[in-house]
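Enquirer: sequence and predicted structure, then a few things I'm wondering about:
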Amino acid sequence: MCTNDSDCTDAPHGRCSVGGFGECNCVYGCTRDSDCEAGSICLCDAVAGLCVRAECTTDADCDDGHLCTLYDPSLNCGGSAFACQSADDECGSSEDCSGGTSYCNFDGAQRHCATAACNI
């Protein structure tokens, strides 16, 4: 628990963040990939980056003609992770899916349009 950023000193780039139920907890960011654990990379934002899961770190990690792209691993609840595109992908992003309740889901093998399923 925290009340301000200065309470978050257990690791570099600490900040006090409001969670989904209004509670405040320390989150620790990054400024480069080396700040993150193996299997994660730094996703930068305006304040400080956040370490996110990554099956790839550059496009060179993927098959020819495919990119290392961002997806939401939390069933459209606002998470972030990276994985290679696949020839079997049905969508590249949620903009490719019809309707406001569909989003582009990655199931570990391919991306496909799915109904938004975030449950809080």
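Expert: Noted; the coordinates are in hand.
Enquirer: quick one: neighbours of the closest residue to residue 44 other than its chain neighbours, just the number.
Expert: Once flanking residues are discounted, residue 44 sits nearest to residue 31: 7.8 Å by CB to CB, 6 or more residues apart in numbering. Glycine gets a C-beta too; all of them are placed from N, C-alpha and C. Counted with other CB atoms under 10 Å, the neighbours of residue 31 add up to 12.
Enquirer: ok, residue 31 - contacts?
Expert: 13, 42, 44, 48, 49 (CB atoms under 8 Å, 6 or more residues apart in numbering).
Enquirer: what is the nearest of the residues you listed to residue 22?
Expert: Taking CB to CB as the measure, residue 22 sits nearest to residue 48 out of the contacts of residue 31, at 21.8 Å.
Enquirer: the closest one and residue 30, how far apart?
Expert: From residue 48 over to residue 30 the distance is 7 Å, taken as CB to CB, to the nearest Å.
Enquirer: residues shared between the contacts of those two?
Expert: residue 13.
Enquirer: more neighbours, those two?
Expert: Neighbours per residue (other CB under 10 Å) separate residue 48 from residue 30, with residue 30 holding more: 21 against 18.
Enquirer: hmm, the more buried one is touching residue 42, no?
Expert: Yes - counting by CB atoms under 8 Å, residue 30 sits close enough to residue 42 to count as a contact (3.9 Å).
Enquirer: who touches both of those two?
Expert: With contacts defined as CB under 8 Å, 6+ apart, the residues adjacent to both residue 30 and residue 42 are 36, 49, 50, 51.
Enquirer: so what's the last one up against?
Expert: For residue 51, the set of contacting residues under the criterion of CB under 8 Å, 6+ apart consists of 29, 30, 35, 36, 37, 40, 41, 42, 43.
Enquirer: one more time with 7 Å
Expert: 30, 35, 36, 37, 40, 42 (CB atoms under 7 Å, 6 or more residues apart in numbering).
Enquirer: okay, now the residue lying closest to it once chain neighbours are set aside: neighbour count?
Expert: In space, and not counting its chain neighbours, residue 51 is closest to residue 36: 3.7 Å by CB to CB, 6+ apart. Number of residues near residue 36 (other CB under 10 Å) recorded here: 19.
Enquirer: same question, the one 5 residues further on
Expert: Neighbours of residue 41 under the rule other CB under 10 Å: 23.
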